[in-house]
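Student: What would the 3D arrangement of this be:
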Amino acid sequence: MYQPTTDEYAPYYKEYINNVINRDIIKTLKNQLNEIDDFLAEIPENKYDYAYAEGKWTVKQLVGHLIDTERVMAYRAMRIARNDKTPLPGFDENLYADSLDLSKRSYTDLVDEFLLMRQANLYFYKSLSEEDYYKKGTASDYTISVGALLFIIAGHVQHHFNVLKERYLNK
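Tutor: Alright, predicted model coming up:
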């Protein structure tokens with residue numbers, strides 16, 4: 001079963017990759033659909049606009065960040081899987097979060113968008129072959145593989161759920 005090696009991702013992604021316990025990455029990404037739905041549904045309405053400290057994201061901004069990151073990482077995986085060797089730029093997650101106008105977006109709509117995006121991306125992820133996982137490209141000036149991107153996507157969600165539990169919900 002595929003497991004990314006350290007030459008397939010930038011060092012700062014190691015924590016995300018280590019968050020993935022089940023090495024069947026497609027199963028993990030699919031199982032996260034229920035986890036995303038269940039966990040985000042448990043967050044009380046009075047926490048949607050809550051940030052645990054000055055300058056930190058609100059819960060709604062954090063969900064927006066999860067959506068943006070899923071979108072960017074899936075796009076990177078698609079480009080690399082299709083043998084596109086064009087170096088891909090980084091993205092500034094704080095700039096993205098600051099640019100989100102969430103005043104007209106309900107929390108439920110954000111969660112639904114995240115779930116729908118993951119469902120759509122799963123069709124792409126499931127279409128990948130074992131060989132596709134090893135394809136490498138460049139993103140943010142680092143070598144990265146398609147398989148590592150899938151682990152990063154899953155581990156990133158787990159990381160932020162841990163942050164939500166510890167700093168927003170005090171669980």
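Student: alpha carbons only for contacts and neighbour counts from here, please
Tutor: Noted.
Student: any idea which helix is longest in this protein?
Tutor: When the chain is parsed with DSSP state H, its longest helix is helix 59-81.
Student: Figure out how far that helix is from the centre of its chain.
Tutor: Put simply, helix 59-81 sits 5 Å off its chain's centre (CA atoms, centre = their mean, to the nearest Å).
Student: what's the helix or strand just after it packed up against?
Tutor: Per DSSP states H and E, helix 59-81 leads on to helix 93-99 as the next helix or strand towards the C-terminus. Applying 3 or more CA pairs under 8 Å, 6 or more residues apart in numbering; DSSP states H and E, we find helix 93-99 packed against helix 59-81.
Student: pLDDT (mean, whole number) over the helix it packs on?
Tutor: Averaging pLDDT along helix 59-81 gives 98.
Student: sec struct for the residue of the chain positioned farthest from its centre, please.
Tutor: Farthest-out residue of the chain from its mean C-alpha position, per CA atoms, centre = their mean: residue 46, at 24.6 Å. Under DSSP: H, G, I helix; E, B strand; the rest coil, residue 46 falls in the helix class.
Student: before we move on, the earlier item: restricting to C-alpha, output the longest helix of the chain in CSV.
Tutor: Written as CSV, here are the backbone C-alpha positions of helix 59-81 (Å, rounded to 0.1, in the frame of the first residue of the first chain):
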residue,chain,number,x,y,z
VAL,A,59,-15.0,28.9,13.1
LYS,A,60,-16.6,30.0,9.8
GLN,A,61,-13.3,31.3,8.5
LEU,A,62,-11.6,28.0,9.5
VAL,A,63,-14.3,26.1,7.5
GLY,A,64,-13.6,28.5,4.6
HIS,A,65,-9.9,27.7,4.9
LEU,A,66,-10.6,24.0,4.8
ILE,A,67,-12.6,24.5,1.6
ASP,A,68,-9.9,26.6,0.0
THR,A,69,-7.2,24.1,0.9
GLU,A,70,-9.1,21.2,-0.4
ARG,A,71,-9.6,23.0,-3.7
VAL,A,72,-6.0,24.0,-4.1
MET,A,73,-4.6,20.6,-3.1
ALA,A,74,-7.0,18.7,-5.4
TYR,A,75,-6.1,21.1,-8.2
ARG,A,76,-2.4,20.4,-7.7
ALA,A,77,-3.0,16.7,-7.6
MET,A,78,-5.0,16.8,-10.9
ARG,A,79,-2.3,18.9,-12.6
ILE,A,80,0.5,16.6,-11.5
ALA,A,81,-1.5,13.4,-12.3
